[in-house]
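Chemist: the sequence isn't on hand, but the structure is:
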């Protein structure tokens, strides 16, 4: 059955379908579709719904072998035209994998393929297997999972015939009602109550504008609250808008992330997408050059070495990682492992040339989060300026030099491998507020939709096991006011 969807009445009507991150678990509900006949060498596709609507398959692994069936109820098996004496559960168990279930076209996730494993001794002399589903079968590796319980409640309430989109919509309603203590999910939950409450919500809101990770983040942190009339609170609407904007920024940025697509041995310019090439070369002239000829950089000489002024925006706890020397100088030393707890830096000049001073002071922190590509719930409120030896920093991009004048065709393999790992990890956490829009284009990704090219500030990273000198600290408001005097 189909349920009429009502476009959201909050602030936006477009459905956003962003990339999602990996998860170790995936469930599928196989919908009834008559009798399925499987023969050796003849795979069969079966329509299905993902029960775990928050997540997708792990990256780089389009085939998942399911090793457990939640229920044998509603399954009839015929082998060579005769009733089978083996359970469906046993057929797909990893210890006796007579059937191999492989989701096909996993990016969409609508079909499951059944195939007879002819190498299994139990499959000898089998010409065909007929399977008839009279109710959904739950497949996965977590028993009594809440996603399965929600799916069963949806099927009991609305029947089995529905699209993936409708299933997700109903599941979202249940999640919101559950965290607001409007219903409990159990076999005894009233289907009449669930249908009535969901109908009221569907007449008001459609939260499918949020991708699965954004929605899950809000659910896990209980940021979607309803009042007694099932209306979203003002704070909830702000949370939804914030999650939508940041998840969209992540999705836009990952499409520009060039480093993660390169091999570990060479950096081939042709591997860049056309969009990433344009973005990189367009930004090359904007990237701050740290050479002595640059008018953008403040520098000084310490012990005969050139040091340049760098700045980081941190939380107050950062100062706990600094060390005060006997001569009253304060230093910070980076982690001994390359790219571990990396300290990202930019120049005071880069911050001064942003448009942040055009905003009201009450918006400075929020705008700075956008400029530096940070989650909108960041607690950063302290600017820390450093004197950094020029040779102790690098540009986290295809061209790791400090001049930013071109694209290297090959870089150090260790550097490239570490940069690739960091690029991938930037998007790996299921909580969107623990992800970062890292592009490896040499600058921070400005998350503001009003900045059409999303150029934030030139970024640099402190190398491993390097000691730098603290120059000054200032609160966000004080530092931004000082930028206006530069």
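Modeler: On my side now, so go ahead. Computed from a predicted model, the values in this text were never measured in an experiment. Residues are numbered from 1 along each chain as shown.
Chemist: which residues touch the spatially closest residue to residue 309 that is not a sequence neighbour?
Modeler: Leaving aside its sequence neighbours, residue 309 sits nearest to residue 298 (Cβ to Cβ, 6 or more residues apart in numbering; 3.9 Å). Yep, even glycine has a C-beta here, placed from its N, CA and C like the rest. Going by Cβ atoms under 8 Å, 6 or more residues apart in numbering, residue 298 touches 308, 309, 347, 348.
Chemist: test my guess that the third one contacts residue 312.
Modeler: Right, residue 347. No: judged on Cβ atoms under 8 Å, residue 347 makes no contact with residue 312 at a distance of 11.0 Å.
Chemist: the more surrounded of these two?
Modeler: Remark: of residue 347 and residue 312, residue 347 carries more neighbours, 23 against 19, as counted by other Cβ atoms under 10 Å.
Chemist: ok, that one - contacts?
Modeler: So residue 347 contacts 288, 296, 297, 298, 308, 309, 310, 311, 457, 458 (Cβ under 8 Å, 6+ apart).
Chemist: switch the cut-off to 7 Å
Modeler: Shown in contact with residue 347 (Cβ atoms under 7 Å, 6 or more residues apart in numbering): 288, 296, 297, 309, 310, 311, 458.
Chemist: now, of those residues, which are buried?
Modeler: Among the contacts of residue 347, those classed as buried by 16 or more other Cβ atoms under 10 Å are 288, 296, 297, 309, 310, 311, 458.
Chemist: sorry, back to before: I'd like to know which of the contacts of residue 298 are part of helices.
Modeler: Here DSSP state H is the test, and the contacts of residue 298 give residue 348 as lying in helices.
Chemist: and the closest residue to residue 149 other than its chain neighbours, how many neighbours?
Modeler: Spatial nearest neighbour of residue 149, chain neighbours left out: residue 185 (5.0 Å); criterion: Cβ to Cβ, 6+ apart. Number of residues near residue 185 (other Cβ under 10 Å) recorded here: 16.
Chemist: swap in residue 385?
Modeler: Count around residue 385 with other Cβ under 10 Å applied: 20.
Chemist: just checking, it is part of a strand?
Modeler: Yes: the assignment for residue 385 (DSSP: H, G, I helix; E, B strand; the rest coil) places it in a strand.
Chemist: which residues does it contact?
Modeler: Applying Cβ under 7 Å, 6+ apart, the residues near residue 385 are 309, 311, 348, 471, 472.
Chemist: what about 10 Å?
Modeler: Applying Cβ atoms under 10 Å, 6 or more residues apart in numbering, we find residue 385 in contact with 298, 309-312, 345, 347-348, 469-474, 479.
Chemist: one more: residue 186?
Modeler: 149, 152, 153.
Chemist: three-state assignment of it?
Modeler: coil.
Chemist: how close does it get to residue 413?
Modeler: 55 Å (Cβ to Cβ, to the nearest Å).
Chemist: coming back round to it: for the residue nearest to residue 309, what are phi and psi?
Modeler: phi -90, psi 140 (degrees, to the nearest 10).
Chemist: and for the one 3 residues further on?
Modeler: Residue 301 has phi and psi values of phi -110, psi 130 when expressed as degrees, to the nearest 10.
Chemist: give me the nearest residue to it, chain neighbours excluded.
Modeler: Closest to residue 301 by Cβ to Cβ, 6+ apart is residue 307, at 7.2 Å.
Chemist: how about that neighbour, what does it touch?
Modeler: 298-301, 386-390, 392, 468-469, 471.
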